[in-house]
Structures are given as C-alpha cells and as structure tokens.
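Visitor: One predicted model, sequence on top.
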Amino acid sequence: MGLRIAGHIERLNGKELTYQEFVERYLRKNQPVVLTGLMDDWRACKDWVTRDGRPNLPFFATHFGKSRVQVADCGTREFTDQKRVEMSVSEFAEHWLMGCKPEESDISTSDRPPLLYLKDWHFVKDYPDYVAYTTPVFFHDDWLNLYLDCYRMHTDPEMYQETDDISCSDYRFVYMGAKGSWTPLHADVFRSYSWSANVCGKKQWLFLSPLQRHLVFDRNMKISVYDIFSDVSEMTFPGFKETVWTECIQEENEIIFVPSGWYHQVQNLEDTISINHNWFNAYNLFWIWDLLSRDYNDAKEYIEDIRDICDDFEGLCQRNLAANTGMNFYDFLIFITRFAFAYLGQLYYLLRGDDDTIQHSSLTVQQLALNLASIKNIAKKMKDTEGFEKHRDILDTVETLSNPKFSELSIKVGNTYRMMLEPQPQSCCTAKARIDVLGDFDFLQNWSLVCTPGDLVSCIDDAVENLDKIGSKNSIHLGELV
C-alpha cells in the first residue's frame, strides 16, 4: 500500500524574512518551512565539499579523523532505532570510500559492507575554534543549548559521571551519510524544534502532522511504526492506512525547520552532509512538559509492581525518566527557574534605563515578558503533578545568582535577544555591565529558596509586581504581559 501524499512545505528566501515574521508564521503555528540563502558564507560549504559537490571525506579524515562518533547501521534494527557502533571519523571515511569502489557493484547485496550513517556528532563541542557555520537568527532563541553551554542537565549525582555525554553534551550535530542512508520514523528529542542544513547532497523528508500522531502507534499507544516504506502491519497499526504525509525534497544549501511533534522519516537521496540543531523556547515549552508528563506516567506504570518494596519509588521513577527521556521533573524545574531568574534580571536592567533605552529595547522587553509568561504557565501545570509530592531538591536563590555559571547564562541570554531584536545591538562589554548591576536582585528578596513549581509561580508574580513599580515610570506594566 502506497503512502498518501498531500500538501506542500513553503520554500522562502531567508534573507527576505524577518524574525518576527518567522515567529508568527512558523514558530507560533508550529509549521515546517524550507529557508534558502542563509548558508552562503559558511566555512563548512567550502571545506567539507569537493568541487563536484560531494562530501570531502579526505578533508574530514585529515582534520577531524581522531574524533570518536556514533554511526548507525541502516540495515540493522535495534529496538526502536538502528544499531549504533562507535568508530573514529577516519574509520568511517575509510568505510564510506570502500563502499564507493567500482568493484563493489559486482558484489551481491548480502555480501556488501553495511550502509553506515554518521549521526549526532557533537562537532561544535569537539572543535570549538573551528567555526564551520553561523546559526541563522531565526534559531538563536535556543534555551536548550544556551543552558547546556553553562550547566549540566542533571542535578542528581547518580545520573552522571564527570565525562558522561548525556549530562554535559549539547544538541548541535553533524550528520554524514551515503546515498540510501536513512533515519527511521520519529519525533525529535524532548519534542523540540529542530533545524537541518544540507551542506551538500539531497534529502527526502516525509512529515506527519501532530494531529495524526496516533495513527502511527499501536492500539495501546506504546509502539510506533519503524519504517513507513515497509509492509506495515494493519493488525498492529490499524490507523496507519489513514495517514496523510507531506513530502519535501531538501536540496544543497537549504535549511529545513522541523516543528515540535511532527513525526518524520528522512532518506539521503545523494551523498549528504548536514548540520542539525535541536532547541526549544517559549513557543514550544509546553511540548516538553507534555512529553515529560506522559513519559513519567509510562515510567511509573512500568515499575508499579515493585512500589511496595521500593524504598524510594518516586526517586526511581525520576531516575528512569531522566535515563529514557533526557531529563526528569527536577531537572526541568531547575532549568526553567534559572531561565526565569535570567529573564527577570534582564528586565530589571532594562526597566531601570532611561526613555531611550526602553524605546530601543521595547521588543526585547516584550519577548522577555512572553518568556516569563510561558514559564509561569508551565509551572502552574506542574503544581498538581504527583511527581513533585516528595520533591526535596532545593534551588537556593542567592547561591544561584552568585554562581559564575548563572552570570554566563545571563550574559548569553542578554546578547541573544539584543542581537535578534534590537536595531543596533550593543557590545558584549555593555552586556557584561548589565549583569554586574544585577547583584542585589532586590525584587527576589522574598524568595531565598525555590523548592516546588508553586514556589516558582509565586516568585515570578512577586518579582513582576516589584518590577512593575520600576517600569511604571515608563508606562510599562509587566503584570499585563506575564
């Protein structure tokens, strides 16, 4: 049975699109789009590609060959994904070149070397001084990677070791695969947004709207379809025949925006290199909490039969949630609390400025207020969640604000929004000065500890009320926005 294909994905020149237009047309509406014209000056498009437009494998082997990477065997399934092996970039390049030899075409399919696909290479982390690309402005509001540049995701020492990639890594990746390599049907980690830029090659994307998500699962919503082009069992997946897919062919030097919760399967139609980021912000934060809530219920249900003999059943649920999903309730609460403090700090500075400062930064003020409103709404939803009944982790406000990591996060946050939203962004030196004047944080004086989502809601409300007293002289009323 063939797939039903309908609709199309817009293709726009990114140079003719403003950030505000991108927000209103794609982020808020959670719709995919292909952007062109944004990769012209990328070093990766020169160094990583041969004159005939193919991956420059000798360049990778020479300059990055010692890096250890995860490589998927596209022909071998392992649970819900492809089997992964670890090898060096040099070994991967050698394997790829071996598969390209003319004599390989005479070998039977069963005797050919496996088709490998290098995935999730943390290239920026491995080579921070090699600036391969510049993240387009549309994707700058990236809470996930801003955070992981400063903090580990997990606070529980049982959840990480000092060199644990799960705890300290980022979500900026390089993918490399020969023609025919592919990725099974999935929705992105955390149900985040993602963007994927083709440095060279061509990809076929098949998208499924979140409204049809249930159609690719079994009756119990536990198992999803692995390969939409295989013979999908109607008995196991009775709704699959009703799915309607949107196809997109992504060409070289095009960037595709993948919204939250859109299931997709991707195949390389040519030898391809791509750069991919996962990220989230105020516009899709509820997707992350929704996933955590559902995965928590699954984790709890899976071990329910040992509740009576488990000394710390809730702690075990949270550890399993972090292992399976990438963060747990406590990690997420601390994550959004630190960002709330950073946004309040930026507002504190801006609202103390003169009329010119306020006018210059009006869009930044609005965005910061929107961010706080999003965090507050999520914290309200978290208040009544069972998983916080025995919560004992404490975020000390004074300790948080005085930590150099928080200063680093605040500086990154301030610079991000000024670069995105202000007509003439101020210098990094000025951004550092903004942080220096935040030391007293008088508006948080009533909140020495944040232990629960309810604490965070009250903390934001109190802080906004205090900041309103500062902003009122400029006719800015945050309480109406947050």
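Guide: Now that the structure is in, tell me what you want to look at.
Visitor: and Gln366, how many neighbours?
Guide: Using other CB atoms under 10 Å, Gln366 has 13 neighbouring residues. Any C-beta I mention is one placed from the backbone N, CA and C, and that applies to glycine too.
Visitor: Could you tell me what pLDDT the model assigned to it?
Guide: For Gln366, the pLDDT comes out at 91.
Visitor: Does Ser169 touch His122 like I think?
Guide: Yes - at 5.6 Å, Ser169 counts as touching His122 under the criterion of CB atoms under 8 Å.
Visitor: Okay, now the sheet partners of the strand ranked longest in the chain, with direction.
Guide: The longest strand of the chain (DSSP state E) is strand 68-78. If you go by DSSP bridges, strand 68-78 pairs up with strand 81-88 (antiparallel), strand 116-121 (antiparallel).
Visitor: deepest of those strands, which one?
Guide: strand 116-121 (a mean of 22; mean count of other CB atoms under 10 Å).
Visitor: chain center to that strand: distance?
Guide: Relative to its parent chain, strand 116-121 has a centroid offset of 17 Å by CA atoms, centre = their mean, to the nearest Å.
Visitor: what's in contact with that strand?
Guide: The set of residues external to strand 116-121 that reach it, using CB atoms under 8 Å, 6 or more residues apart in numbering, is 67, 69-74, 82, 84-85, 89, 92, 95-96, 173-178, 181-183, 268.
Visitor: Tell me which other helices or strands the helix or strand encompassing Met419 touches.
Guide: Using DSSP states H and E, Met419 maps to helix 404-421. For helix 404-421, the elements it packs on are helix 143-148, helix 329-351, helix 362-383, helix 428-436, judged by 3 or more CB pairs under 8 Å, 6 or more residues apart in numbering; DSSP states H and E.
Visitor: Between those, which one is closest to Leu215.
Guide: Leu215 lies closest to helix 362-383 among those, at 26.4 Å (CB to CB).
Visitor: Following that closest one in sequence, what is the next regular element?
Guide: Past helix 362-383, the next helix or strand by DSSP H and E is strand 395-396.
Visitor: can you give me the mean pLDDT across that following strand?
Guide: The average pLDDT for strand 395-396 rounds to 86.
Visitor: got a markdown table for the helices and strands packed on helix 404-421, with distance to Val49 too?
Guide: Formatted as a markdown table, the helices and strands packed on helix 404-421 follow (distance: least, CB to CB, whole Å):
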| stretch | distance to Val49 |
| --- | --- |
| helix 143-148 | 25 |
| helix 329-351 | 37 |
| helix 362-383 | 36 |
| helix 428-436 | 32 |
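Visitor: most tightly surrounded among the ones you listed?
Guide: Burial among those, expressed as mean neighbours by mean count of other CB under 10 Å, is greatest for helix 329-351, which shows a mean of 24.
Visitor: what about that one, distance to the chain center?
Guide: Centroid displacement of helix 329-351 relative to its chain, using CA atoms, centre = their mean, is 18 Å.
Visitor: Output it as PDB, restricted to C-alpha atoms.
Guide: What follows is helix 329-351 as a C-alpha-only set of coordinates in PDB (Å, rounded to 0.1, in the frame of the first residue of the first chain):
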ATOM      1  CA  PHE A 329      10.800  16.700  36.600                       C
ATOM      2  CA  TYR A 330      13.500  18.100  38.900                       C
ATOM      3  CA  ASP A 331      15.900  18.900  36.000                       C
ATOM      4  CA  PHE A 332      13.100  20.700  34.200                       C
ATOM      5  CA  LEU A 333      12.000  22.700  37.200                       C
ATOM      6  CA  ILE A 334      15.600  23.900  37.800                       C
ATOM      7  CA  PHE A 335      16.000  24.600  34.100                       C
ATOM      8  CA  ILE A 336      13.000  26.900  33.800                       C
ATOM      9  CA  THR A 337      13.800  28.500  37.200                       C
ATOM     10  CA  ARG A 338      17.300  29.500  36.200                       C
ATOM     11  CA  PHE A 339      15.900  31.000  32.900                       C
ATOM     12  CA  ALA A 340      13.200  32.800  34.800                       C
ATOM     13  CA  PHE A 341      15.800  34.400  37.000                       C
ATOM     14  CA  ALA A 342      17.900  35.300  34.000                       C
ATOM     15  CA  TYR A 343      14.900  37.000  32.200                       C
ATOM     16  CA  LEU A 344      13.900  38.800  35.400                       C
ATOM     17  CA  GLY A 345      17.400  40.100  35.700                       C
ATOM     18  CA  GLN A 346      17.500  41.400  32.100                       C
ATOM     19  CA  LEU A 347      14.100  43.100  32.700                       C
ATOM     20  CA  TYR A 348      15.500  44.700  35.900                       C
ATOM     21  CA  TYR A 349      18.300  46.300  34.000                       C
ATOM     22  CA  LEU A 350      16.100  47.500  31.100                       C
ATOM     23  CA  LEU A 351      13.400  48.900  33.200                       C
END
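Visitor: what angle separates it from helix 404-421?
Guide: 60 degrees (axes from the mean of the first three to the mean of the last three CA atoms, to 10 degrees).
Visitor: now the angle from helix 329-351 to helix 362-383?
Guide: Angle between the axes of helix 329-351 and helix 362-383 is 150 degrees (criterion: the same axes, to 10 degrees).
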